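Peer 1: Fold the following.
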Amino acid sequence: MVFKMKILVITDVHYKWKYLKRVLKMEEYDVIVVAGDLSRWGDVKEAFDVLKTLTKHTTTFFVPGNCDNPSLLRAENVYNAINLHGKVVEHNDLVFTGIGGSNITPFNTPIEFTEDKLAEIMDQVEKNLHGKNIDIMVSHTPPYATKLDIAFSGEHVGSIKVREFLEKHQPLICVCGHIHESQGIDKLGRTVAINPGPIADGKYAIVELDERKKRIIKVEFRKIR
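Peer 2: Below you'll find the predicted structure:
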């Protein structure tokens, strides 16, 4: 018997509503996963407005992006949205974790971490697992040297430490964003990594899981034109 969970996967909202509100009304989903950049540039009210809208529809998991306010890293119960940054959270039969912000960029955005600091945060996640296996990891920054972290310059700009964490723990899914031009899917061992593309440009993904057997049924990239 299939116990199907349908996940609406979005990232990089940047406080643009044109497509977001349409997607929320037109799609069917059980859970929303947001991989950061809710606001344009560190405005807490903008981020809270987005989370309030999302949680009116269903259970919402999120991490802040590098363009969000650093206070969002510590935010709890924002309209009941579940902040995954540095945490381990169980929902139904699935184990979620996440890491917000990004590795260092040339743009001096509000939430940036050195690779050593990213490793420190993920070390704490590892301690909090208590032997559990991760099913879904949400990381604003994509893993290094994949199809998901290629900037317009052609350089790989993702996080080495995020990649190492995925290779070690092999979650079923990693949802990321950050690099708008690298929508796509890639595999790191068992892990299927997904960058749905920015919802600010009308891009998103639907992921269907069999949550009991811990397997992906389908991943679909969609775009509103």
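
Peer 1: Could I get the full set of helices for this protein?
Peer 2: Assigned by DSSP state H, the helices in the chain fall at 20-26, 44-55, 115-129, 160-169.

Peer 1: The ones you listed into a markdown table, with extra columns for mean pLDDT and mean neighbour count?
Peer 2: C-beta: built from backbone N, CA, C; applies to glycine. Below are the helices of the chain laid out as a markdown table (pLDDT from 0 to 100; neighbours: other C-beta atoms under 10 Å):
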| stretch | mean pLDDT | mean neighbour count |
| --- | --- | --- |
| helix 20-26 | 96 | 14 |
| helix 44-55 | 97 | 19 |
| helix 115-129 | 97 | 15 |
| helix 160-169 | 98 | 20 |
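
Peer 1: Where does the prediction get shaky in the protein?
Peer 2: 1-2 (pLDDT under 70).

Peer 1: Report the separation between the most centrally placed residue in it and Glu112.
Peer 2: In the chain, the residue lying closest to the centroid (C-alpha atoms, centre = their mean) is Ala35, at 2.6 Å. Ala35 is 16 Å from Glu112, where distance means C-beta to C-beta, to the nearest Å.

Peer 1: Same question for Ser139.
Peer 2: In terms of C-beta to C-beta, Ser139 sits 14 Å off from Glu112.

Peer 1: Neighbour count: the two, which is higher?
Peer 2: More neighbours surround Ser139 than the other of Ser139 and Glu112, with 31 against 17 (other C-beta atoms under 10 Å).

Peer 1: Let's see stretch 191-201 as CSV, backbone CA atoms only.
Peer 2: C-alpha atoms of stretch 191-201 as CSV (Å, rounded to 0.1, in the frame of the first residue of the first chain):
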residue,chain,number,x,y,z
THR,A,191,20.4,11.4,-2.3
VAL,A,192,18.3,13.2,-5.0
ALA,A,193,19.2,16.9,-4.9
ILE,A,194,16.6,19.3,-6.3
ASN,A,195,16.8,23.0,-7.1
PRO,A,196,13.2,23.9,-8.2
GLY,A,197,14.3,27.3,-9.5
PRO,A,198,13.0,30.6,-8.1
ILE,A,199,9.3,30.9,-7.5
ALA,A,200,9.9,34.6,-8.1
ASP,A,201,10.2,33.6,-11.8
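
Peer 1: shift numbering so it begins at 17
Peer 2: New numbering, starting at 17: the last item is stretch 207-217.

Peer 1: And it, how far out from the chain middle?
Peer 2: 8 Å (C-alpha atoms, centre = their mean, to the nearest Å).

Peer 1: who touches the residue nearest to Gly200 when sequence neighbours are not counted in this structure?
Peer 2: Of all residues not flanking Gly200 in the chain, Lys163 sits nearest, at 4.7 Å (C-beta to C-beta, 6 or more residues apart in numbering). Counting by C-beta atoms under 8 Å, 6 or more residues apart in numbering, Lys163 touches 198, 200-202.

Peer 1: which residues does the closest residue to Gly102 other than its chain neighbours contact?
Peer 2: Nearest residue to Gly102 in three dimensions, chain neighbours excluded: Ile137, at 5.1 Å (C-beta to C-beta, 6+ apart). Residues near Ile137 by C-beta under 8 Å, 6+ apart: 101-102, 115, 129.

Peer 1: Among these, which one sits closest to Glu180?
Peer 2: Using C-beta to C-beta, Ile115 is the member of the contacts of Ile137 that lies nearest Glu180, at 12.4 Å.

Peer 1: my guess is the closest one meets Gly102, correct?
Peer 2: Yes. Under the criterion of C-beta atoms under 8 Å, Ile115 makes contact with Gly102 at 6.7 Å.
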